[in-house]
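Visitor: need coordinates for the below:
(one chain, ligands or ions: 1)
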Amino acid sequence: MSGVDAHTHAFPDSLAERAIAKLESECPWKAPGDGTVGGLLESMDAADLDISLVCAIATKPDQTDGIFKWCKSIRSDRIEPLPSLHPDTEKKDKWVRKFAKAGFAGMKLHPMYQEFPLDDERMDELYSAAADEGLFISPHCGLDIAYPPDDDRASPERMRRVIDRHPNLTVLCTHLGGWKSWDEVEKHLIGTDVYMETSFTVQYLPPERLVDMIRRHGTDKVLFGTDWPWARQDTELAEFKKLPLTQQETDDILYRNAAKLLGY
Ligand SMILES: [Zn+2]
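Guide: Okay, the predicted model is just below:
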């Protein structure tokens, strides 16, 4: 294995163009990818990445089932989809068991697009079931480019409350614990048991600080991620490889830790 991208997105072919256009209209970025699974696979080939975790986000309760079916349909030895459960979907514990039974390793959550604070008590049913089933959660963490800078629904402090309440829950935090919230990450998450992935950090943190945070958190708990199609996989990987990490640390972050998280 040479590399795993622990944070990508894709949409069904029939929706991809519209979904990307809508998301682009809400943020100052343009997506370098087209949002399809085919486009993702081409990008993975170009970047020499073996596997991508593909995050789906249910923005309405009635999307949960359709997303679950789509995730099953795109799953392959190179695509590891993370289905998504909306906070207002009924019987969340049953859905989590369904995801686990279908063989999914984890599930995606997005506090802004799904309108809930991470430590919302109505999510405890989901978190407890995920912990029981050994299914990890990967929530968006920190600020989001499409939301105001005072939106703290995905803050490191709230994440910390979740893991304190659910010590057996496995968590993959995006954006090294919280996009543009790295001082709070230092305070609440560095050194805890959560996994973290690196998307949208290499361009935002000085390399010395990024490497220092990765090492203090634990190089056995950090995964490489890009947030494709919002960033290019090949250039993100090239930038990541320039970080002053040892070969062993680089390999752990590029694929060994992901293999452990995915149960390979
Ligand atoms: Zn993302």
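Visitor: could you use CA atoms for every contact and neighbour count after this?
Guide: Noted.
Visitor: quick one: least confident helix or strand in the chain?
Guide: helix 13-25 (a mean of 92; mean pLDDT, DSSP states H and E).
Visitor: three-state assignment of the closest residue in space to Pro83 that isn't next to it in sequence?
Guide: Nearest residue to Pro83, sequence neighbours excluded (Cα to Cα, 6 or more residues apart in numbering): Met107, at 5.0 Å. Under DSSP: H, G, I helix; E, B strand; the rest coil, the three-state class of Met107 is strand.
Visitor: now the least confident helix or strand of the chain: buried residues?
Guide: Of the residues in helix 13-25, Ala16, Ala19, Ile20 count as buried by neighbour count, 16 or more other Cα atoms under 10 Å.
Visitor: repeat for stretch 155-173
Guide: Buried residues in stretch 155-173, counting neighbours by 16+ other Cα under 10 Å, are found at 155-160, 162-163, 168-173.
Visitor: can you redo these as a markdown table with pLDDT?
Guide: Shown next, in a markdown table, are the buried residues of stretch 155-173 (pLDDT from 0 to 100):
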| residue | pLDDT |
| --- | --- |
| Ser155 | 98 |
| Pro156 | 98 |
| Glu157 | 98 |
| Arg158 | 98 |
| Met159 | 98 |
| Arg160 | 98 |
| Val162 | 98 |
| Ile163 | 98 |
| Asn168 | 98 |
| Leu169 | 98 |
| Thr170 | 98 |
| Val171 | 98 |
| Leu172 | 98 |
| Cys173 | 98 |
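Visitor: I'd like these as TSV, with secondary structure appended.
Guide: Rendered in TSV, the data for the buried residues of stretch 155-173 read as follows (three-state DSSP):
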residue	secondary structure
Ser155	coil
Pro156	helix
Glu157	helix
Arg158	helix
Met159	helix
Arg160	helix
Val162	helix
Ile163	helix
Asn168	coil
Leu169	coil
Thr170	coil
Val171	strand
Leu172	strand
Cys173	strand
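Visitor: okay, those residues in a markdown table with distance to Glu90 next?
Guide: Output for those, formatted as a markdown table (distance: Cα to Cα, whole Å):
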| residue | distance to Glu90 |
| --- | --- |
| Ser155 | 25 |
| Pro156 | 27 |
| Glu157 | 27 |
| Arg158 | 23 |
| Met159 | 23 |
| Arg160 | 26 |
| Val162 | 21 |
| Ile163 | 23 |
| Asn168 | 23 |
| Leu169 | 21 |
| Thr170 | 23 |
| Val171 | 22 |
| Leu172 | 24 |
| Cys173 | 25 |
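Visitor: could you work out the most separated pair of those residues?
Guide: Taking Cα to Cα, the two most distant members of these are Ser155 and Asn168; they sit 20.1 Å apart.
Visitor: now the helices for the stretch 101-250 of the chain?
Guide: Using DSSP state H, counting those that start in this stretch, the helices of the stretch 101-250 of the chain run over residues 124-133, 156-165, 182-188, 207-217, 233-241, 247-251.
Visitor: so which residues make contact with the shortest one?
Guide: This means helix 247-251. Applying Cα atoms under 8 Å, 6 or more residues apart in numbering, the contact partners of helix 247-251 are Ser2, Thr219, Asp220, Lys241.
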